[in-house]
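*Asks:* Got a sequence here, can you model it:
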Amino acid sequence: MTSQTPDRLSTVTQFILERERDRPNATGDFTALLNAIALAGKRISHDVNRAGIADIIGLTGETNIQDEQVQKLDMIANTQLERALAPTGLVCAIGSEEEDEPVQLENGENGRYVVLYDPLDGSSNIDVGAPIGTIFSIYKRKTPVGSTSNSLEDMLQPGRDLAASGYMIYGSSTMLAYTTGEGVHLFTLDPEIGEFILTNSDLKDDGGAKVYSANEGHSLTWDKVDLEWVSQLKEEGYSSRYIGSLVADFHRNLLRGGIFAYPGNSAAPNGKLRLLYEAAPLAFIMEQAGGSATDGKRRILDIQPTELHQRTPLYIGSASEVERIIKMRAHTSTTATR
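*Replies:* Okay, the predicted model is just below:
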């Protein structure tokens, strides 16, 4: 990974405002949106750090639309994000991994954006203290401002149309990374002043690390291509690093290089990860850092969503590593049709 080292302290708000000054048509809306998301991140970080003290660890007893057990902190994080975004008046609706349908926000009828998020990615790691995070994406609204049109139309947009995406990771420190299509920038929360401070700007993946991240516990359900791919990596001396929290595995590979994979398998041919809440926003970041992301055949950012909770296989990381699996899958497909 390469990046520019900041020559002075800059908060996330200062950083965005400085960049907006170079854009005559900037309205300041994005500054307000990211500030709202950052505020929610600070609150979630505080809650996560109190998880072993307060009664917020464990299951709610409910299941979400994916039929997954909902953690208490899942819902706390979901609520924090909604409460932070609603007062801005800039967001007409939100889509959340924890909500069945789009949620219309109060004061949002004139909002020009929709925000989608996974409020607490990797929540199964909460009670063991492993890193977890929040993944978010921002799209410009497609339906007319002021209309009561179904917000689903505004949310079912391909990742190439993203206005911005990012994530926050809650671990040894709390970090926020985001992109608007002009590089990836990383901020670290300073708990003494309660501000996200710029620590790396214009992150670039140099493709140097020989690391792969995949849940090999599922390898018996993988197809032959994925088994052959991992076998090749092992023969070439690659190291395996897998946390079981997408945002944590992605963050490590973004900073150090490597590839993350969650293939489809015999039990879940379409994969496990959500296109809109996880794959697309992280693919946007990875491409801006010089990497790549695919479902094995298509560029993730080119996939047209048809469902709010659509799943996809995902291979994401250094461009050369992603290209390898694409070529292997294409070769196998060509061979099979001869």
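*Asks:* got the contact list for stretch 318-331?
*Replies:* The contact list for stretch 318-331 (CB atoms under 8 Å, 6 or more residues apart in numbering) reads 205, 207, 209, 212, 225, 228-229, 253, 257-259, 261, 290-294, 296-297, 315-316. Where you see a C-beta, it was placed from the backbone N, CA and C, and this is true even at glycine.
*Asks:* quick one: buried residues of that stretch?
*Replies:* By neighbour count with 16 or more other CB atoms under 10 Å, stretch 318-331 contains the buried residues S318, A319, E321, V322, R324, I325, I326, M328, R329.
*Asks:* what does stretch 258-273 give?
*Replies:* Of the residues in stretch 258-273, G258, I259, F260, A261, Y262, P263, G264, N265, G271, K272, L273 count as buried by neighbour count, 16+ other CB under 10 Å.
*Asks:* returning to that earlier point: which ones among the contacts of stretch 318-331 are found in helices?
*Replies:* V225, E228, W229, N253 (DSSP state H).
*Asks:* Tally up the residues packed near the third one, please.
*Replies:* Yep, that's W229 we're talking about. Applying other CB atoms under 10 Å, we find 23 other residues in the vicinity of W229.
*Asks:* How about the one 4 residues further on?
*Replies:* The number of residues packed around L233, counting by other CB under 10 Å, is 22.
*Asks:* check contacts around A163.
*Replies:* F30, Y113, I138, Y139, K140, T180.
*Asks:* Is the fourth one in contact with R112, as I believe?
*Replies:* No - look at Y139 against R112 with CB atoms under 8 Å: they stay out of range, at 10.1 Å.
*Asks:* So those two - more neighbours on which side?
*Replies:* The residue with more neighbours, out of Y139 and R112, is Y139; 23 against 16, by other CB under 10 Å.
*Asks:* Roughly how far does that one sit from D154?
*Replies:* For Y139, the distance to D154 equals 7 Å [CB to CB, to the nearest Å].
*Asks:* Check G129 too.
*Replies:* Using CB to CB, we find G129 at a distance of 37 Å from D154.
*Asks:* Those two: which is more packed in?
*Replies:* Neighbours per residue (other CB under 10 Å) separate G129 from D154, with D154 holding more: 21 against 11.
*Asks:* tell me what the helix or strand where I197 lies is packed against?
*Replies:* Using DSSP states H and E, I197 sits in strand 195-204. Other elements packing on strand 195-204 under the criterion 3 or more CB pairs under 8 Å, 6 or more residues apart in numbering; DSSP states H and E are strand 2-4, helix 12-20, strand 174-179, strand 184-190.
*Asks:* For the second one, buried residues please.
*Replies:* In other words, helix 12-20. V12, F15, I16, R19, E20.
*Asks:* pLDDT score for the nearest residue to the fourth one once chain neighbours are set aside?
*Replies:* If you skip the residues right next to it in sequence, R19 has E182 as its closest partner in space, 7.8 Å away by CB to CB, 6 or more residues apart in numbering. In the predicted model, E182 carries a pLDDT score of 91.
*Asks:* Same check on L17?
*Replies:* With respect to pLDDT, L17 scores 87.
*Asks:* Any figure for the gap between it and T174?
*Replies:* 22 Å.
*Asks:* any low-confidence regions in the chain?
*Replies:* Counting by pLDDT under 70, the chain has low-confidence residues at 1-8, 24-26, 51-70, 148-150, 333-338.
*Asks:* what's the domain layout of it?
*Replies:* 2-203, 211-336 (automatic domain parsing).
*Asks:* follow-up on the earlier one: want to throw the helices and strands packed on strand 195-204 into TSV with distance to S239?
*Replies:* What follows is the helices and strands packed on strand 195-204, written out as TSV (distance: least, CB to CB, whole Å):
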stretch	distance to S239
strand 2-4	21
helix 12-20	33
strand 174-179	23
strand 184-190	23
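*Asks:* Figure out which of the ones you listed is closest to S219.
*Replies:* S219 lies closest, by CB to CB, to one member of the helices and strands packed on strand 195-204: strand 174-179, at 30.0 Å.
*Asks:* Give me the sheet partners of the closest one and which way each runs.
*Replies:* Partners of strand 174-179 in the sheet, by DSSP bridges, are strand 164-170 (antiparallel), strand 184-190 (antiparallel).
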